[in-house]
Structure formats: structure tokens, C-alpha cells
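> kindly generate the corresponding structure for this input.
(one chain, ligands or ions: 2)
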Amino acid sequence: MDFFSKAYCRTYQTIFKWIMPMLPYREPKCIEKMEDIKNIVLDKGYSKVMLITDEGIRVQKLTLPLERDLKAEKIKLTVYDQVKPNPTVSLVEEVVALYQENGCECIIAFGGGSVMDTAKAVGARVANPKKSLLNMRGIMKIKNPPPTIIAIPTTAGTGSETTVTAVITDDQTHRKYTINDFKLIPELVLLDHTLTLKLPPNITATTGMDALTHAIEAFIGNSTTDDSRKNALEAARLILENIEKVYHDGSNERARANMLRASYMAGLAFTKSYVGYVHAIAHSLGGRYNTPHGLANAVILPYVLSEYGLSAIKKLKIMAVYCNVARPYDSEQNATNKFINKILDLNEEFGIPKTFDFIRDEDIELMAKHAAKEANPLYPVPKEFSAKELQKIYYKIKS
Ligand SMILES: NC(=O)c1ccc[n+]([C@@H]2O[C@H](COP(=O)([O-])OP(=O)(O)OC[C@H]3O[C@@H](n4cnc5c(N)ncnc54)[C@H](O)[C@@H]3O)[C@@H](O)[C@H]2O)c1
Ligand SMILES: [Fe+2]
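Numbers count the residues shown, from 1 in each chain. Ligands and ions are numbered 1, 2, ... in the order given. Here you go, the predicted model:
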């Protein structure tokens with residue numbers, strides 16, 4: 001990246017870092033158990049609730065006890081259970097219409113990141129009906145706060161239950177973009193690991209690698225805080241200690257609880273300290289090829305960490321030592337190599353490929369442009385790459 005573009009990015013990131021303590025970050029309020037939700041809804045005076053979920057979750061009957069609870073209290077429930085991975089603008093608009101037709105007053109998001117992001121986008125649109133999702137892209141573009149959102153994550157995962165972000169794909173352009181606003185942080189969250197016990201091994205692995213990517217990208221960026229560093233380190237350690245356990249034995253409750261806690265902590269870390277080029281590239285693949293988000297991150301992560309070279313090795317050593325992947329006496333470079341090798345070993349164990357041969361040469365220029373636009377100047381990455389430099393990473397990922 002040329003000198004002036006780099007100076008612009010670094011200045012922008014520094015300003016954001018300075019003003020960060022003044023920004024209205026908050027954590028969602030924790031709900032202890034599913035049975036409490038009906039009372040929360042009643043206490044808030046709502047009688048018409050929208051439940052957003054997906055078919056896989058509904059078929060497993062995970063939402064059934066909640067649906068029964070709400071119906072028993074004569075709360076009118078409108079259910080949308082057709083959320084798809086990498087949710088699109090048209091899907092969000094379908095749900096917005098359903099919400100408005102039924103006069104809903106609040107939203108329960110019951111699912112993975114795709115469901116929670118759909119719920120956030122629906123909330124933003126119903127509160128700001130004259131503003132399109134595209135016009136909410138970027139940071140702090142949402143004027144009126146969404147209605148109450150209760151987030152119930154069923155993957156461990158995106159951490160969307162505690163982040164400022166919703167990631168939506170434009171069906172026309174196949175571009176996946178982020179909407180970031182404090183108003184999108186859900187008001188309430190229920191972290192119930194028992195909902196993740198039936199998550200199949202491949203989704204367990206890829207969503208877990210997404211959470212690990214959040215922890216790593218937040219930690220190695222330049223805009224960390226005491227809190228975000230602590231959360232990122234602890235999340236990474238918990239994930240590395242538990243991800244193989246949950247992959248091989250999904251019914252291991254303790255490991256499932258640790259993973260859910262870790263993905264929440266990684267969400268807390270990156271919502272303050274951002275992600276980086278792994279995510280920017282992953283979003284471009286999600287938009288263009290519908291690549292599942294966690295899978296994309298798992299494959300891209302080792303490439304981007306290697307490309308950062310010397311700029312990230314100091315922090316990667318700290319993380320590697322904290323996670324018992326390296327020893328304090330290892331050099332920074334050796335510790336980083338051990339950390340990257342650990343990620344590659346996990347990917348192999350989980351049957352995650354080393355490359356994505358479906359990437360088409362003719363798509364790379366535009367995807368790299370989109371990734372650069374997402375990351376620069378917002379993400380305080382250890383090393384800045386221009387769109388041209390990012391193209392080289394795409395070629396490596398595809399080879
Ligand atoms: N908002 C954020 O902060 C943020 C952060 C990272 C990723 N994301 C976005 O989140 C989306 C990915 O979310 P995800 O990785 O959680 O996956 P997902 O929500 O797309 O779900 C993946 C699959 O897992 C199934 N599933 C979910 N929970 C299950 C359960 N308990 N048991 C069995 N099957 C279950 C779903 O039915 C679906 O088929 C992407 O669009 C990504 O860009 C958002
Ligand atoms: Fe992610």
C-alpha cells in the first residue's frame with residue numbers, strides 16, 4: 001500500500017481508538033433460563049412477538065418450549081423459520097413485511113449468526129423504514145433504535161449476540177457487507193449451551209474456527225483495550241482447549257458450555273477491537289460463492305497470518321504462549337509458526353480443506369476490491385494491504 005493511503009488508514013484508526021472510550025458500548029443483559037423469556041416479554045408490555053429462526057433449528061424442535069411458553073401466555077407469535085446462511089437483503093425484506101403485517105413489537109432471534117444478523121437487520125429496517133440496508137452499510141448509519149432484540153445463539157460461533165454488527169449479502173451484486181452500529185447490540189441474550197449439543201461436527205468445527213478468528217484478529221490489531229485483550233486471550237485459550245472435544249463428542253456439556261462462553265467473549269473482543277483481512281476476504285467469498293462464513297475463515301486464517309509476517313509475531317507469540325501452543329523461551333517467529341501450524345493441524349483434523357479451488361480468476365479483482373473497501377481504513381490491522389496486494393492472497397488461497 002502506498003504511503004498516503006497507509007497514512008490515511010492509520011490516522012482514521014487512531015482517531016477511532018481515541019474516541020473509543022466515549023462510544024456507547026454496552027453488553028446485552030443476560031437471561032438465566034429460557035422459561036424467563038415469557039415474563040420478560042410480559043413485563044415489557046409486549047403482546048406480539050416475532051420469532052426468527054431457521055428450518056434446521058425448528059425441525060429439531062429447539063424452539064418448541066419457548067413457543068409453548070409464549071402461547072400459554074396468549075402472546076401472539078409470528079414465526080419466520082426460513083433464514084438461510086449468508087442472509088440476503090431480499091430475505092430481510094420478506095421478514096420486515098411479515099413483521100409489519102402482524103404488528104410485531106419485539107424480536108427473538110433463535111439461531112446462529114445468520115439468524116441473529118437477519119434479526120438485527122429486520123430491527124434496523126422496521127425502525128427506519130425509509131432507509132435501505134445498503135444505506136446503513138458502514139458505521140453508525142442507523143438513526144432510530146431497533147425494537148427489543150432477544151438473542152439466543154445456537155452456534156458457538158459468531159458472537160453476534162453481543163456485537164454491533166450485522167452482515168448482509170446484496171442478492172443483486174453478490175456483495176456481502178457489514179452494518180455496524182451500537183444500536184444493533186441485542187438488548188438481551190440467553191447463553192444456553194444445551195441448544196448446541198446437536199450441532200453437527202462440521203458446523204461445530206467451522207463455527208468454532210470463526211470464533212477463534214475473532215479472538216485472533218481482535219488481539220493482533222492496533223486498537224485493543226485491556227478488556228478486549230483479556231477477552232481475546234481467554235476466548236482463544238478456551239477454544240483451543242475445547243474445540244477438539246466438541247468436534248469428537250458433541251454431547252460433552254462442559255466443553256460445549258466453554259465454547260459458547262468463548263464465542264461470546266471473542267464477540268466482546270472484536271466488537272471493540274475489530275476484525276481484519278481474514279474476515280474481509282471471507283465476506284467476499286460468502287457473497288460471491290455462498291461459502292459458509294466459518295469455513296471461509298478457517299481456510300483463510302493461516303494465509304493472512306503468514307502474510308502479516310513480522311508485523312504480527314510479537315502478539316501472536318503472546319497468544320500462542322497463553323494458549324500453551326508455544327513456550328515462553330520460543331522466539332517470536334517460532335511461536336508464531338507453532339500457532340499457525342496448530343490452526344493447520346486443527347483444519348486437517350476437522351476435514352477442512354487447505355485451499356478453495358472454486359475461486360475463479362475472473363472474480364478475484366472485484367472481490368479483492370470489496371475486501372479492501374471493507375477493511376481500509378476501518379480495521380486496525382497489523383499490516384495494511386491494498387486491493388492489488390490482497391489479490392495475491394486470493395491466488396494463494398485458490399492454488
Ligand atoms: N454479526 C456478527 O458479529 C457476525 C460475526 C461473525 C459472523 N457473522 C455472520 O454470521 C453468519 C454465520 O453464522 P453461523 O456461523 O452461526 O452459521 P449459520 O447461522 O449460517 O448456521 C449454519 C447452519 O447451522 C445450522 N444450525 C445452527 N444452529 C444449530 C444447532 N444448534 N443444531 C443444529 N444445526 C444448527 C443452521 O440451521 C445452518 O444450516 C454469516 O453470515 C456471517 O457473516 C456475523
Ligand atoms: Fe466471523
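> every contact and neighbour count from this point should use C-alpha atoms.
Fine.
> hmm, Ala211 is touching Ala156, no?
Yes - contact criterion Cα atoms under 8 Å: Ala211 and Ala156 qualify, at 7.0 Å.
> now do the shared contacts for the two.
Contact with both Ala211 and Ala156 is made by residues 262-263, according to Cα atoms under 8 Å, 6 or more residues apart in numbering.
> per-domain residue ranges of this protein.
With domains defined by automatic domain parsing, the chain comprises 3-21+198-398, 32-190.
> please state the offset of the shortest one from the chain centre?
Looking back up the chat, that one is domain 32-190. 15 Å (Cα atoms, centre = their mean, to the nearest Å).
> gap between the two ends of it?
7 Å (Cα to Cα, to the nearest Å).
> which parts of the stretch 101-250 of the chain sit against ligand 1?
Residues of the stretch 101-250 of the chain that fall close to ligand 1, judged by Cα under 6 Å from any ligand atom: 111-115, 117, 154-155, 157-160, 163, 165-167, 195-196, 198-199, 207.
> mean pLDDT and mean neighbour count for the domains of the chain - can I get that in a markdown table?
Shown next, in a markdown table, are the domains of the chain (pLDDT from 0 to 100; neighbours: other Cα atoms under 10 Å):
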| stretch | mean pLDDT | mean neighbour count |
| --- | --- | --- |
| domain 3-21+198-398 | 97 | 20 |
| domain 32-190 | 97 | 20 |
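> ok so Asp227 is a helix residue?
Yes - according to DSSP: H, G, I helix; E, B strand; the rest coil, Asp227 belongs to a helix.
> parallel or antiparallel, which strands does the helix or strand hosting Thr78 pair with?
Assigned by DSSP states H and E, Thr78 belongs to strand 76-80. Counting by DSSP bridges, the strands paired with strand 76-80 are strand 48-52 (parallel).
> please save the CA atoms from the strand it pairs with in PDB.
This file holds the C-alpha atoms of strand 48-52, laid out as PDB (Å, rounded to 0.1, in the frame of the first residue of the first chain):
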ATOM      1  CA  LYS A  48     -47.000  -9.600  19.700                       C
ATOM      2  CA  VAL A  49     -43.600 -11.200  19.200                       C
ATOM      3  CA  MET A  50     -41.700 -12.200  16.100                       C
ATOM      4  CA  LEU A  51     -39.500 -15.300  16.400                       C
ATOM      5  CA  ILE A  52     -36.800 -15.500  13.700                       C
END
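> so is it next to ligand 1?
No - Strand 48-52 stays clear of ligand 1 (Cα under 6 Å from any ligand atom), getting no nearer than 11.5 Å.
> work out for me the element Glu244 sits within.
helix 226-248.
> CA-only coordinates of that helix in CSV, if you can.
The C-alpha trace of helix 226-248 is given here as CSV (Å, rounded to 0.1, in the frame of the first residue of the first chain):
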residue,chain,number,x,y,z
ASP,A,226,-7.3,-4.0,28.4
ASP,A,227,-10.8,-5.7,28.2
SER,A,228,-10.6,-6.7,24.6
ARG,A,229,-7.1,-8.2,25.1
LYS,A,230,-8.2,-10.1,28.1
ASN,A,231,-11.4,-11.4,26.3
ALA,A,232,-9.5,-12.3,23.2
LEU,A,233,-6.8,-14.3,25.0
GLU,A,234,-9.2,-16.1,27.2
ALA,A,235,-11.5,-16.9,24.3
ALA,A,236,-8.6,-18.3,22.2
ARG,A,237,-7.4,-20.4,25.1
LEU,A,238,-10.9,-21.8,25.8
ILE,A,239,-11.5,-22.6,22.1
LEU,A,240,-8.1,-24.3,21.7
GLU,A,241,-8.8,-26.4,24.8
ASN,A,242,-12.3,-27.4,23.8
ILE,A,243,-12.8,-27.4,20.1
GLU,A,244,-11.5,-30.9,19.5
LYS,A,245,-13.6,-32.2,22.4
VAL,A,246,-16.8,-30.8,21.0
TYR,A,247,-15.9,-32.0,17.5
HIS,A,248,-15.4,-35.6,18.6
